[in-house]
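Engineer: got a predicted model here, sequence first, then my questions.
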Amino acid sequence: MDKRTLAITTLILALALSTTYVLLNLRTEPEGISSPDQNWSSESESQNPGDLGSQTPNQEILPEGNQQQTQPIEEPSKPPTPKNLTVMDSTGGNITVNLPVRSIVSLNPGLTEVICALGCEQLLIGRSASCNFPPSVLDKPVMGSSSYSPNVELIVESKPDLLVADTMLSYNKEVYNKLRDAGITVIVEINNSTRIKKFIEYMGIILNRTERAKALLDFINYHELLVINRVNGIPDELKPRVYSEWAATAWRSYGPGSAGHLMIVNAGGLNIASETGKAYPTLSPEFVSEKDPDVILIMLPGELKGSLEGFVSTRDEVLSRPALTGTRAVKTGRVYVYDPIICQGIRYPVGLLYFAKWFNPELFRDIDPGQVHSELISQFFGVSLEGIYVYPP
């Protein structure tokens with residue numbers, strides 16, 4: 001074979017091998033290399049299962065070839081919203097409240113403060129003249145001077161879903177029955193330490209503010225337990241003897257069965273009126289003088305609230321009583337005048353802290369009741385505390 005024939009034969013063999021290689025590659029693609037058709041496939045087919053950026057909510061990623069429908073993920077069903085709630089108020093009656101409550105008339109300052117602290121001030125459509133905090137409630141219509149004497153016609157005309165009042169309303173049976181006969185749901189409650197936590201609890205449910213109610217109860221329980229735990233170990237012989245007097249009612253005191261008595265006991269004091277066996281006894285000057293109290297507590301009359309002069313004059317009147325001038329309380333200056341609001345509603349722990357510090361100042365040297373009061377008002381009302389609530393400070 002000459003050189004020219006050998007070259008031609010070699011060329012033919014090379015072309016044959018090249019053709020075979022191309023044909024083989026057209027039939028089988030190397031792993032990991034996608035075809036032009038795959039690169040230009042539809043969005044649903046080309047989406048990377050690991051990238052859910054364009055995936056619709058509650059849509060499953062199905063295997064290729066099964067994309068014709070999506071399967072929604074079923075969410076657990078929610079319990080139905082109750083149409084009413086039955087609670088027991090301070091009268092012992094079962095009160096059924098229709099839900100949701102969209103309008104409220106409140107005839108007691110402490111109860112009004114609870115409603116506002118729960119974040120439901122916007123539901124108030126009426127108040128008593130004594131409901132004056134937070135300051136924004138002053139824009140609400142006045143529908144009575146107190147729980148005992150509400151404006152029945154105005155309240156009935158306003159058609160509230162709920163009316164809350166203190167026990168003075170239940171004493172006025174005629175008015176109480178008129179309101180209920182008009183179809184108004186009435187809750188009668190006590191706004192002191194004996195019932196306020198229960199009121200907060202069920203109002204949190206009624207108004208759908210359970211988390212806010214829990215925060216209020218946590219605040220109250222913390223400071224209440226702080227006091228009780230500190231005074232728990234004090235023997236009776238070391239506890240101060242305490243005389244406590246109603247506002248503008250000389251010698252009328254608090255005995256067993258009253259909230260005032262309970263606060264004295266819980267704050268670490270001995271109530272000199274305990275032996276009377278009455279919840280609200282009127283004591284004689286001679287009895288108080290003989291008991292020789294270490295501490296005297298005087299409730300400020302309502303008409304003097306917010307007035308420094310009123311605090312001073314109330315205290316001076318007590319200091320000048322002949323039956324008290326020889327007592328230890330007067331001799332040592334441990335005579336205190338307080339605004340009753342600090343013992344009511346959500347402010348109850350503030351009053352308890354003041355009492356505890358007045359009774360056992362060394363034991364509560366690190367506690368500033370005024371600061372606790374300021375924190376309470378700021379946290380639950382979003383305003384600064386103003387005014388005077390105790391004297392001497």
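Structural biologist: Good, I have the coordinates.
Engineer: I'd say Asn172 and Val152 touch.
Structural biologist: No - using Cβ atoms under 8 Å as the test, Asn172 is too far from Val152 to be in contact (10.1 Å). (C-beta placed from N, C-alpha, C; glycine too.)
Engineer: so what's Pro310 up against?
Structural biologist: One correction, residue 310 is Gly, not Pro. Contacts for Gly310 (Cβ atoms under 8 Å, 6 or more residues apart in numbering) come out as Leu300, Pro301, Glu303, Leu304.
Engineer: lowest-confidence one in these?
Structural biologist: pLDDT across those is at its lowest for Glu303, which sits at 90.
Engineer: that residue - nearest residue in space that isn't next to it in sequence?
Structural biologist: For Glu303, ignoring the flanking residues on the chain, the nearest one in space by Cβ to Cβ, 6 or more residues apart in numbering is Gly310 at 7.8 Å.
Engineer: on the pLDDT front, check the one you found for me.
Structural biologist: Here the pLDDT value assigned to Gly310 is 96.
Engineer: just give the number of residues close to the closest residue to Arg195 other than its chain neighbours.
Structural biologist: Excluding the flanking residues, the one nearest Arg195 by Cβ to Cβ, 6+ apart is Ser90, at 5.5 Å. Neighbour count of Ser90, defined by other Cβ atoms under 10 Å: 17.
Engineer: give me the secondary structure label for the residue nearest to Glu303.
Structural biologist: helix (DSSP: H, G, I helix; E, B strand; the rest coil).
Engineer: separation between it and Val318?
Structural biologist: 13 Å (Cβ to Cβ, to the nearest Å).
Engineer: same thing with Leu123?
Structural biologist: Distance of Leu123 to Val318, computed by Cβ to Cβ: 41 Å.
Engineer: any idea how many residues pack against the nearest residue to Asn108 once chain neighbours are set aside?
Structural biologist: Distances taken as Cβ to Cβ, 6+ apart place Asp166 nearest to Asn108, at 4.3 Å, with adjacent residues excluded. When neighbours are defined as other Cβ under 10 Å, Asp166 has 25 of them.
Engineer: what's the pLDDT at Asp166?
Structural biologist: For Asp166, the predicted pLDDT is 97.
Engineer: how about the contacts made by it?
Structural biologist: Leu107, Asn108, Gly110, Leu111, Ser147, Val188, Glu189, Ile190, Asn191.
Engineer: looking at these, which is nearest Val372?
Structural biologist: Proximity of the contacts of Asp166 to Val372 (Cβ to Cβ) peaks at Gly110, which lies at 17.3 Å.
Engineer: that closest one contacts Ile341, doesn't it?
Structural biologist: Yes - in this structure, Gly110 is within contact of Ile341 by Cβ under 8 Å, at 7.3 Å.
Engineer: got the domain ranges for this structure?
Structural biologist: In terms of domains, the chain is parsed into 84-210, 234-391 (source: automatic domain parsing).
Engineer: now those in CSV, with distance to Val227?
Structural biologist: Formatted as CSV, the domains of the chain follow (distance: least, Cβ to Cβ, whole Å):
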stretch, distance to Val227
domain 84-210, 11
domain 234-391, 5
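Engineer: count the neighbours of the closest residue to Thr325 other than its chain neighbours for me.
Structural biologist: Spatial nearest neighbour of Thr325, chain neighbours left out: Leu319 (7.6 Å); criterion: Cβ to Cβ, 6+ apart. Other residues near Leu319 number 14, with proximity taken as other Cβ under 10 Å.
Engineer: how far away is Leu319 from Gly333?
Structural biologist: 9 Å.
Engineer: part of a helix, is Glu153?
Structural biologist: Yes - secondary structure of Glu153 (three-state DSSP): part of a helix.
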